[in-house]
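Trainee: Everything below, folded, please.
(chains A, B, C and D)
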Number of protein chains: 2
Amino acid sequence: MSEIRQSSPRRGTNLPRMGDFNLTVILDAIRRTSGGLSRVELAQIVGLSPQTISNISRRLLDQNLIVEAGKEGSGPGKPRTILRLNPKGMYAVGVHLDPAVTTFVVMDLVGSVVQHARIDTPGGNDPSAVIATIAAQVARVVEESGVDQDRIAGLGVAAPGPIDLDNGTVVDPPLLPGWDRVELRNALSEATGYSVLVDKDVTSAAVAETWAGGPSGAGSFVFMYMGTGIGCGIVLNDEVIRGTSGNAGEIGHIMVDPDGPPCDCGLRGCVKSSCIPQVLVAEAEAAGILNGTRPGNSGAEVQQSFARLCELADSGDERAMAIIDKSATLVARAISVVTNTLDVERVVFGGPFWSGMADRFLAKVPPLLEANSAARLIHPIEVVGTGVGEDVGAIGAASLVLEHTLAPRAQRLLLEN
Amino acid sequence: MSEIRQSSPRRGTNLPRMGDFNLTVILDAIRRTSGGLSRVELAQIVGLSPQTISNISRRLLDQNLIVEAGKEGSGPGKPRTILRLNPKGMYAVGVHLDPAVTTFVVMDLVGSVVQHARIDTPGGNDPSAVIATIAAQVARVVEESGVDQDRIAGLGVAAPGPIDLDNGTVVDPPLLPGWDRVELRNALSEATGYSVLVDKDVTSAAVAETWAGGPSGAGSFVFMYMGTGIGCGIVLNDEVIRGTSGNAGEIGHIMVDPDGPPCDCGLRGCVKSSCIPQVLVAEAEAAGILNGTRPGNSGAEVQQSFARLCELADSGDERAMAIIDKSATLVARAISVVTNTLDVERVVFGGPFWSGMADRFLAKVPPLLEANSAARLIHPIEVVGTGVGEDVGAIGAASLVLEHTLAPRAQRLLLEN
DNA sequence: TTAGGGGTAACCGTGTCTGAAATCCGCCAG
DNA sequence: CTGGCGGATTTCAGACACGGTTACCCCTAA
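Mentor: Next up, the predicted model:
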């Protein structure tokens, strides 16, 4: 429905916008503090007067977005009333459209998944059939979740890039034949009746981290999405960076290995050609570590083989270890490029392939990153794995809606139209 | 003085902030339209009501930031009163602290330089002596410019990185021995009495483009600063990206040539080791194209030699052409990494070494960038040379002050403290 | 019971935006 | 030469959100 990105020239702001913005600021403060906050604490944190906090709290209570949850009295005086997010206050539906599987979640306000479904992405090259299937499945998960329709803020879709954010279209993604400039947003909006937001899978994952990832989703970070490909989502000062057309985070052609295999871009040792799971699996098969029974082109097969490779590495197979560790080194080089370009304070790993490699990467990557950091004398770079889990894509898709509705984006203040 | 970057958690906003912000929005709209704007046009552009525009216009007129400049009547009705920036309404002083030369400018509101000076950066490793020299020279250029002290909004300093934005310090830059964590901001503030902003040279250059660069300084772009080193300044949606500590834009270790020379980072063919002017000059000397009389380590010598190399290339020397063209190819690869990561719409070249290579780069880089662009099906990437000229650093430094005071940054809306 | 802190209500003031109405200005028809 | 016209701009209330103050109630520990 509404646009995600802003259009120049910059537009002014007015009173109602300000009120709404302050509301989201307070909600954000509550959201980011595990255990909730009292009104006095809020006043101190967001800098508004106690009255204003009181007024806005009432609005939030009326909207059922927060609840009063007990009291906390340390010394004398009236104990503070703790305000907490009301998980049942708002829900969003998220769809991760992956070439192999499509995942559906219904997520509540605190980022918990209340309903979950997964189907094989229908093959063929008829997007409209896929869209119909998605719409039907969305209706089903909502039905099964038992959530009141009125409480569902909208539907978010995470799609593989490239996308066109302005039109909500998917533009010719490599692994979805026939999907050239499909108007995903409009079609789904019409088919489901929800307001729909489409974004790139890696961006969605980053949004998932800001919304459901706890403290590691605050401030400035890069979300490294380890999927069929490797991409990143970028968050600077708590705001998601999407780029002109929503395609930020394309790092597949960062060169990381001068002695690497040739890439379709004409160079050698790009991320895409030297450290994505498919390549590692192929390497392992070529070296006889894995018995390559099939071509292994399908997503599911690669995922299985890669899981086996990771198991081998964890159980001490030196050759498997070498493959994973080398990929960690190469990925770290790519990340260095991004962190040095953007000077972020944190790198968050995640995605469907992450869990298997987590231990080795978390041991290997931080020192490499630190050594290559241009700002290492000023601040360290934290490296963590996401707490969001394997469904980051779908959870991120749902988070897109909540973020768009409830996050204190500066954008919200600006007039539209 | 005041901070440039924001600190989480996000704080609320209030009425006065809103008013100030809208004022900057209107000023920004006027600034970006050559020929000025009438009130009605402004109302349409920024989305505020004509009344509000009128009120704010009066404030701006009272502050002498804008002037009424003639009328424009097309048909019947009262002709529109054109509002234009008043160049003499505000000034800023900019200092570009480069290891070789230090440049000073006094700049007016429209980005014109009204006074200019250049001195050799004092050698030795006593920063305090350098700071004293700078302070004295600042006083002199202001004196010579004849500008009223009250109209000077502040002093901006562009320094080589790494820097620590929070403290306004320069942290151990490679070419300034003895400058480890020098409190440049505080020292200069005390010595000159102005409010001082310190930022990285490449960031300053990007800010110069937004402020004094005309249409190429709008929207989202990357400013490629071709100096002793190569770095970039990043602007997304009209807001400068500085990173956690102000060190964004470090691209020196992006690998661009798998067969390139070894780099101090342990890899091969980094930007820093394969396409900065010093390397190209050395290559040319080794090949006998330039007669390498001296080691050529000093900045001035490299600049001269490089200028000669560019002249040779322009006059048809095939070997010189090859060197420049190859460096264009390599630089284009690095830019591709950045543009794909950030999905920007424009690349702006500039910096002290730019003019010599401009023609060849502008012919060579765009098609390479286009070919490697992940979003090439959605939008093109514009490539232009800056209109700001050789003093981007100093002009950018001055622009830092104007940007901080007058640009409609979302930051401005947020409460502090 | 008292002291002290949390939270709400009520009021006024300030500053901003919005909407309606009045004013201003130059062209143009008569 | 003059009055009407239409668009630009300003004036004049409202509406609204926050800031500050005061009063008041609530609650708990001492």
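
Trainee: Would you mind writing the CA trace of stretch A:410-417 as CSV?
Mentor: C-alpha atoms of stretch A:410-417 as CSV (Å, rounded to 0.1, in the frame of the first residue of the first chain):
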residue,chain,number,x,y,z
ALA,A,410,11.9,9.9,11.0
GLN,A,411,10.0,9.3,7.9
ARG,A,412,6.8,9.1,9.9
LEU,A,413,7.1,12.7,10.8
LEU,A,414,7.2,13.9,7.2
LEU,A,415,4.2,14.9,5.2
GLU,A,416,3.3,12.8,2.2
ASN,A,417,1.6,13.4,-1.1
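
Trainee: what does the average pLDDT come to for it?
Mentor: In this model, stretch A:410-417 has an average pLDDT of 76.

Trainee: ditto for stretch A:134-142
Mentor: On average, stretch A:134-142 scores 97.

Trainee: swap in stretch A:333-341?
Mentor: Mean predicted lDDT for stretch A:333-341 stands at 98.

Trainee: so how far is it from its chain's centroid?
Mentor: Put simply, stretch A:333-341 sits 19 Å off its chain's centre (CA atoms, centre = their mean, to the nearest Å).

Trainee: and what of stretch A:191-201?
Mentor: 15 Å.

Trainee: what do you get for stretch A:160-172?
Mentor: How far stretch A:160-172 lies from its chain's middle: 17 Å, per CA atoms, centre = their mean.

Trainee: Then stretch A:139-158?
Mentor: For stretch A:139-158, the distance to the chain centre is 19 Å (CA atoms, centre = their mean).

Trainee: buried sites along it?
Mentor: A:Val141, A:Val142, A:Ser145, A:Val147, A:Ile152, A:Ala153, A:Gly154, A:Leu155, A:Gly156, A:Val157, A:Ala158 (16 or more other CB atoms under 10 Å in any protein chain shown). No exception for glycine: its C-beta is placed from N, CA and C like everyone else's.

Trainee: What of stretch A:164-180?
Mentor: A:Asp164, A:Leu165, A:Asp166, A:Asn167, A:Gly168, A:Thr169, A:Val170, A:Val171, A:Asp172, A:Pro173, A:Leu176, A:Trp179.

Trainee: Over to stretch A:328-345?
Mentor: So for stretch A:328-345, counting by 16+ other CB under 10 Å, buried means A:328, A:330-345.

Trainee: Alpha carbons only: can I get stretch A:326-346 in PDB?
Mentor: Extracted C-alpha coordinates of stretch A:326-346, given in PDB (Å, rounded to 0.1, in the frame of the first residue of the first chain):
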ATOM      1  CA  LYS A 326      38.200 -21.000   4.800                       C
ATOM      2  CA  SER A 327      34.700 -19.800   3.900                       C
ATOM      3  CA  ALA A 328      34.700 -18.000   7.300                       C
ATOM      4  CA  THR A 329      37.900 -16.200   6.300                       C
ATOM      5  CA  LEU A 330      36.500 -15.200   3.000                       C
ATOM      6  CA  VAL A 331      33.200 -14.100   4.300                       C
ATOM      7  CA  ALA A 332      35.000 -12.100   7.000                       C
ATOM      8  CA  ARG A 333      36.800 -10.200   4.200                       C
ATOM      9  CA  ALA A 334      33.500  -9.300   2.600                       C
ATOM     10  CA  ILE A 335      32.100  -8.200   5.900                       C
ATOM     11  CA  SER A 336      35.200  -6.100   6.500                       C
ATOM     12  CA  VAL A 337      34.400  -4.200   3.300                       C
ATOM     13  CA  VAL A 338      30.900  -3.500   4.400                       C
ATOM     14  CA  THR A 339      31.800  -2.600   8.000                       C
ATOM     15  CA  ASN A 340      34.600  -0.300   6.900                       C
ATOM     16  CA  THR A 341      32.300   1.300   4.400                       C
ATOM     17  CA  LEU A 342      29.600   1.900   6.900                       C
ATOM     18  CA  ASP A 343      31.400   2.000  10.200                       C
ATOM     19  CA  VAL A 344      28.900  -0.100  12.100                       C
ATOM     20  CA  GLU A 345      29.200  -1.400  15.600                       C
ATOM     21  CA  ARG A 346      27.800  -4.900  15.100                       C
END
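
Trainee: Of the buried residues of stretch A:328-345, which are in range of DNA strand D?
Mentor: Counting by CB under 7 Å from any atom of the strand, nothing from the buried residues of stretch A:328-345 sits close to DNA strand D.

Trainee: What about those residues, which are in helices?
Mentor: A:328, A:330-342 (DSSP state H).

Trainee: just for chain A, where's the confidence low?
Mentor: Scanning chain A for pLDDT under 70 picks out A:1-10, A:73-75, A:292-297, A:416-417.

Trainee: where along it do the helices fall?
Mentor: Secondary structure of chain A (DSSP H): helices at A:15-32, A:39-46, A:50-62, A:127-145, A:184-192, A:201-212, A:271-274, A:277-286, A:299-314, A:318-342, A:354-372, A:392-406.

Trainee: just to revisit the earlier point, could you dump the ones in helices among the buried residues of stretch A:328-345 into a markdown table with distance to DNA strand C added?
Mentor: Shown next, in a markdown table, are these (distance: CB to the nearest atom of the strand, whole Å):
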| residue | distance to DNA strand C |
| --- | --- |
| A:Ala328 | 48 |
| A:Leu330 | 51 |
| A:Val331 | 47 |
| A:Ala332 | 46 |
| A:Arg333 | 48 |
| A:Ala334 | 45 |
| A:Ile335 | 43 |
| A:Ser336 | 44 |
| A:Val337 | 42 |
| A:Val338 | 38 |
| A:Thr339 | 39 |
| A:Asn340 | 40 |
| A:Thr341 | 36 |
| A:Leu342 | 33 |
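
Trainee: Cross-check those residues against chain B and keep the overlap.
Mentor: A:Arg333, A:Ser336, A:Val337, A:Val338, A:Asn340, A:Thr341, A:Leu342 (CB under 8 Å from any CB of the partner chain).

Trainee: ok so, going back, name the nearest of the ones in helices among the buried residues of stretch A:328-345 relative to chain B.
Mentor: A:Asn340 (4.1 Å; CB to the nearest CB).

Trainee: what about the closest one, distance to A:Gln137?
Mentor: The spacing between A:Asn340 and A:Gln137, counted by CB to CB, to the nearest Å, is 42 Å.

Trainee: go on, A:Glu311?
Mentor: Distance from A:Glu311 to A:Gln137, by CB to CB: 32 Å.

Trainee: Neighbour count for these two, which is higher?
Mentor: Neighbour tally, A:Glu311 and A:Gln137, criterion other CB atoms under 10 Å in any protein chain shown: the higher count belongs to A:Gln137, 18 against 12.

Trainee: which residue sits closest to that one in space, ignoring its chain neighbours?
Mentor: A:Phe104 (5.6 Å; CB to CB, 6 or more residues apart in numbering or on different chains).

Trainee: residues touching the one you found, list them.
Mentor: By CB atoms under 8 Å, 6 or more residues apart in numbering or on different chains, the contact set of A:Phe104 is A:Val93, A:Gly94, A:Val95, A:Gln115, A:His116, A:Ala117, A:Arg118, A:Ile119, A:Gln137, A:Val138, A:Val141, A:Ala394.

Trainee: Now the residue in the stretch 1-150 of chain A positioned nearest to chain B: phi and psi?
Mentor: Closest residue of the stretch 1-150 of chain A to chain B, CB to the nearest CB: A:Gly47 (3.7 Å). Taking degrees, to the nearest 10, you get phi 90, psi 10 for the backbone angles of A:Gly47.

Trainee: my guess is it meets B:Leu415, correct?
Mentor: Yes. Contact criterion CB atoms under 8 Å: A:Gly47 and B:Leu415 qualify, at 3.7 Å.

Trainee: Name the residues contacting each of those two.
Mentor: B:Arg11, B:Gly12.

Trainee: Done for today, thanks.
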